[in-house]
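Visitor: Take this sequence and fold it.
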Amino acid sequence: MPVSQQERERRQDRPQAGPERLGPRRSLVGRETETVVLAGRLRDPSVRLLTLTGPAGVGKSRLAAEAAAGAADFFDEVRYVDLAREALPDRVPEGHVLLVLDGCDQPDVPPVAGIGELIASNDHLVVLATGQEPLRVYGERLLPVAPLPVPETAAAVEPDVQEVQDVPSVALFIRRARDADPGFALTAENVAAVAEICALLEGLPLAVELAAGRLRLFPPHVLLTRLRHRTTVLAGGPVDAPERHRSLTALARWSCRQLDEEQRGHLEQLAVFERGFGLAMLVRVGAEDVLETLIDKNLLTVVDQELGEPRFAVPEPVRSFLLTELEQAGRTDAALDRHASEYQRLVTATEPRLAGTEQEKWLGVLAAESGNISAALRRLRARGEREAVAALVTACRQPWLVQGRLREGLDWCDGLAEDGPGDGGGTLPEPVRARLVDLSGTFTAALGDPDLAVRRHRRALALCKRLGDRRQGALVTARMGMALLLLGDPSGAQAALGPALATLESLGAAGPAAEAGTALAGALRVQGETRKGKELLDRALDAYRRIRDPRGLATALRESAAFAEDAEDLDAAGRALRESLRLYDSIGERTELPATLESFALLLLRASPGQQPRAVRLIAAADALRHSFGGKVPDERWGVLEEALVGLRERLHWTGFATAWAEGLRLAPGAAVAEALAAAVPAPHAEQESPAAQPLTPRQVQVAMLVSEGLTNRQIAGQLGISEWTVVNHVRQVMRRLNCTSRVQVAWSVGRWP
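Guide: Residues are numbered from 1 along each chain as shown. So this is what the prediction gives:
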């Protein structure tokens with residue numbers, strides 16, 4: 001409904017009802033999108049009732065107040081009703097009215113039918129409501145208000161101050177921290193602690209504000225230590241704020257106030273789960289009947305998706321509050337025991353499915369549940385169930401190798417395999433100890449210490465021989481051969497792998513036989529027995545394709561690329577490595593991915609010297625990924641990489657090399673794979689595409705020159721008299737034709753023009 005200029009001026013002089021209880025208005029941080037969407041919804045003539053839903057403390061009231069203030073010129077009148085203090089009005093004025101009903105989740109709010117009656121009484125009334133859950137009134141539209149985005153805290157490199165400070169939850173923390181301490185600044189020394197605090201609080205605005213206020217007493221790293229145990233220690237909110245906004249304990253208690261006994265019991269059980277448990281676990285603990293209720297009340301949130309199925313979490317601070325309640329009631333042990341038992345069953349049932357057609361699915365499930373599996377292990381150890389812990393650890397062999405959780409796996413193996421009763425669970429049987437020692441050797445080899453791995457495998461082999469376990473002995477022998485190959489002893493590797501392969505084939509162990517065959521093919525290749533090695537590798541490739549084992553196939557393809565590269569067939573090597581990378585990416589592989597990225601980068605340098613910056617990025621990404629799980633490059637391979645890096649530093653000069661290296665360090669594993677797959681690997685000595693083959697247009701030359709001078713897109717648009725979007729397209733074309741991925745590289749390329 002249009003409003004005249006005269007009427008707009010009249011309204012500016014008229015006082016508007018507003019949320020005085022919120023105190024002086026503070027600018028919203030990180031709510032730009034919600035503010036724009038909300039403004040659009042309120043102006044939509046089809047919207048009569050719009051409800052802002054979300055967890056307590058997320059800022060629904062402030063967002064509604066901001067929207068009401070911004071919509072004053074659009075409506076004849078804006079009325080604000082705080083349902084915690086006053087009743088729902090019996091009637092509203094005629095005309096185009098916006099009625100803001102804040103706190104529709106109060107326990108003594110009148111029946112929601114009253115809201116429907118108000119809407120029916122005025123055809124031009126628009127109601128903006130806030131509540132923890134939907135009102136379920138006919139015609140209601142919902143606008144969920146989520147916590148603020150949080151920074152990534154698992155990066156392989158130190159967090160960057162410039163990047164982190166722009167994350168909305170951190171921006172809010174900084175602003176409120178300066179209210180408490182005007183001298184506060186985000187620095188290289190405190191950025192990691194601040195980022196983790198915001199992530200721990202899951203970006204809940206009230207929690208972030210309370211945490212920032214505690215900087216009067218504690219520096220960020222001390223505050224983080226306190227919050228890691230329970231976030232509900234946060235208190236000290238304004239005395240004029242509602243009681244639930246003065247501490248996180250009060251906020252969580254208020255959030256759970258309307259749960260019945262059954263709902264409360266299920267939520268308490270789910271509170272012991274780590275963030276990101278699947279729908280299957282809700283079914284296992286019998287909580288599927290209350291799923292929708294808990295989600296509607298924002299007491300259970302969907303945190304991500306895994307293979308099309310949602311994953312859930314009990315949000316902070318509700319989780320910390322319920323864990324405290326469980327402890328005080330003496331029910332914690334029972335809840336933790338049930339949690340551990342369910343994850344024991346999950347891993348045990350999944351283990352046989354990791355070697356065939358369902359490998360990708362179940363590796364994804366176990367990766368998503370990794371935090372809960374670790375928690376189950378800790379609980380079983382605390383109960384002294386040493387054999388149960390050992391069984392669970394050995395069942396985690398392949399998932400942990402894929403996830404790169406090598407140090408964790410090694411620590412569990414070493415702690416369990418020691419002689420003596422240890423945690424009070426008695427000495428482990430020798431077959432169990434043999435498997436643990438063997439597994440520790442596998443983790444050690446993957447971490448880049450093949451010498452220690454060989455010693456561990458030999459110890460496990462001695463135990464297997466004493467037990468007369470032929471199959472396990474062959475598996476251990478094969479893994480020892482793989483470690484010997486990494487150690488640079490191909491003849492020793494061949495001596496171990498040959499008999500092991502024959503035994504595994506006679507026992508019908510197709511997957512382990514293919515793994516041994518792949519390693520033996522590598523040993524033969526190194527010794528110059530190419531034909532025999534290629535025959536073995538082809539058999540292994542056929543076996544992996546037949547049993548549909550993506551991880552094994554990816555490893556065999558990497559070896560196939562090495563054979564092709566030795567034969568100077570760089571095109572075939574490139575195809576094999578690309579397929580290997582795709583397979584590794586499909587299962588979330590981390591342990592083997594760095595070596596494959598490095599192999600692809602070295603191949604690029606041989607086949608396409610013009611892609612040197614990309615090669616640097618791939619090697620840097622591999623280095624960052626390996627650093628994230630504590631691995632190192634075997635000495636023999638490091639020599640090849642170091643030689644390549646020295647040459648790259650010379651050809652790209654310091655600035656170009658450092659820029660590409662920094663870009664590579666920040667590539668996530670999936671992005672690193674995408675970076676590699678975006679590169680073309682031409683046949684050797686083929687005509688190389690160059691900027692001269694795809695010359696820049698005169699306009700693109702102008703744009704490239706201005707980019708090299710450090711001008712922004714907007715500045716370039718102003719100087720050339722074209723639109724900013726046109727500049728964006730020109731920059732993209734320049735980067736593509738010059739084979740650059742950043743403006744810095746464009747500037748460097750322009751600087752080399754004669």
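
Visitor: Contacts for stretch 666-682 next, please.
Guide: With C-beta atoms under 8 Å, 6 or more residues apart in numbering as the test, stretch 666-682 has contacts from 155, 157, 570-571, 573-574, 577-578, 581-582, 584-585, 588, 590, 593, 597, 600-601, 603-604, 607-608, 611, 614, 617-618, 620-622, 624-625, 664, 688. Where you see a C-beta, it was placed from the backbone N, CA and C, and this is true even at glycine.

Visitor: Would you mind writing the CA trace of it as CSV?
Guide: Presented in CSV, the C-alpha positions along stretch 666-682 are these (Å, rounded to 0.1, in the frame of the first residue of the first chain):
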residue,chain,number,x,y,z
ARG,A,666,44.6,-22.9,2.4
LEU,A,667,43.1,-25.5,0.0
ALA,A,668,40.9,-28.0,1.7
PRO,A,669,41.4,-31.6,0.5
GLY,A,670,38.4,-31.5,-1.8
ALA,A,671,39.5,-28.2,-3.3
ALA,A,672,43.0,-29.6,-3.8
VAL,A,673,41.6,-32.5,-5.8
ALA,A,674,39.5,-30.1,-7.8
GLU,A,675,42.6,-27.9,-8.5
ALA,A,676,44.4,-31.0,-9.8
LEU,A,677,41.5,-32.2,-11.9
ALA,A,678,41.2,-28.7,-13.5
ALA,A,679,44.7,-29.2,-15.0
ALA,A,680,45.2,-30.7,-18.4
VAL,A,681,48.1,-33.1,-18.8
PRO,A,682,49.2,-33.0,-22.5
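
Visitor: Give me the residue ranges of the stretch 51-200 of the chain where confidence is low.
Guide: Scanning the stretch 51-200 of the chain for pLDDT under 70 picks out 108-111, 154-157.

Visitor: I'd say residue 249 and residue 321 touch.
Guide: Yes. With contact defined as C-beta atoms under 8 Å, residue 249 counts as touching residue 321 (6.0 Å).

Visitor: overlap in contacts of these two?
Guide: Shared contacts of residue 249 and residue 321, defined by C-beta under 8 Å, 6+ apart, comprise residue 232.

Visitor: the more surrounded of those two?
Guide: Between residue 249 and residue 321, counting by other C-beta atoms under 10 Å, residue 321 is the more crowded of the two (23 against 19).

Visitor: Tell me who's in contact with the more buried one.
Guide: Residue 321 neighbours (C-beta under 8 Å, 6+ apart): 232, 248-249, 252-253, 256.

Visitor: Can you name the helix or strand that residue 445 falls in?
Guide: Applying DSSP states H and E as the criterion places residue 445 in helix 430-446.

Visitor: Check which helices and strands that helix sits against.
Guide: The elements that helix 430-446 packs onto, with contact taken as 3 or more C-beta pairs under 8 Å, 6 or more residues apart in numbering; DSSP states H and E, are helix 386-395, helix 397-403, helix 406-417, helix 450-467, helix 470-486.

Visitor: which of those helices is buried the deepest?
Guide: Sort the helices and strands packed on helix 430-446 by mean neighbour count, taking mean count of other C-beta atoms under 10 Å, and helix 470-486 sits at the top with a mean of 24.

Visitor: Alright, I will stop here.
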